[in-house]
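Q: Quick one, fold the following:
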Amino acid sequence: MRIEVWSLGKLKNWENNPRDISEEAFGDLIAEINELKPYKPLLINEEGIVLGGNMRLRAFRQLGIKEIECSVVHADTPELMLKYALSDNDQKGKTDGEKLANLIGNIPDIDLSSYSIHLQEPTNIQDLLDQFKEVVEDEVPEVAEGEAVSKLGEVYQLGKWVVCPQCKKRHNLL
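A: Next comes the predicted model:
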């Protein structure tokens, strides 16, 4: 990995970027960049494809910024590109809401209206994929003897397989 300054004209958004941003949040991003200036390099491969920072690239272009620092990595396969993109956007931690509230209470003059945070536990990508996994019709889920298939408070859609959030097993809802 190396840090280089690249012309925005030579950078390309990654066509497979799975992230998106609302127009309101994009406006907030532009305001943040205007106030704080670019301080984090974009993550790109050697061909100039942005693997991390596609929304910032869009904002930089709208703001008329001509050059930007980039972390250049050797990612010449779709697998490596995805790994770098996932790593750049990885959210292993979560924000301690009470600690943040106390910190902000000590600095009351900050306009916080354009900032957002994640308070939930991060979602493991494999768990997410399991929720959308196509299931063979005659596949039978593993259910231990005497194990309840449904639990109070769970919502089911008939004719579907679901991953139980408690046991992490798939159950047929027929």
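
Q: Just give the closest residue to P122, not the sequence neighbours.
A: Closest residue to P122 apart from its sequence neighbours, by C-beta to C-beta, 6 or more residues apart in numbering: Q91 at 4.8 Å. (Glycine included, C-beta is placed from N, CA and C.)

Q: E121 touches G93, doesn't it?
A: No: the criterion here is C-beta atoms under 8 Å, and E121 misses it with G93 at 9.6 Å.

Q: Just to check, L42 is in contact with M55?
A: No: taking contacts as C-beta under 8 Å, L42 lies outside contact range of M55: 10.3 Å.

Q: out of these two, which sits in the busier spot?
A: L42 (23 against 17; other C-beta atoms under 10 Å).

Q: ok, the more buried one to E67 distance?
A: Going from L42 to E67 by C-beta to C-beta, to the nearest Å gives 11 Å.

Q: what's the overlap in contacts for these two?
A: W6 (C-beta atoms under 8 Å, 6 or more residues apart in numbering).

Q: Name the spans of the protein whose pLDDT lies under the cut-off.
A: Along the chain, segments meeting pLDDT under 70 span 135-174.

Q: Which parts of the protein belong to which domain?
A: 2-91, 121-174 (automatic domain parsing).

Q: what's the first-to-last distance across the first one?
A: Spelled out, that is domain 2-91. By C-alpha to C-alpha, to the nearest Å, the extent of domain 2-91 from end to end equals 23 Å.

Q: just how off-centre is it within its chain?
A: 13 Å (C-alpha atoms, centre = their mean, to the nearest Å).
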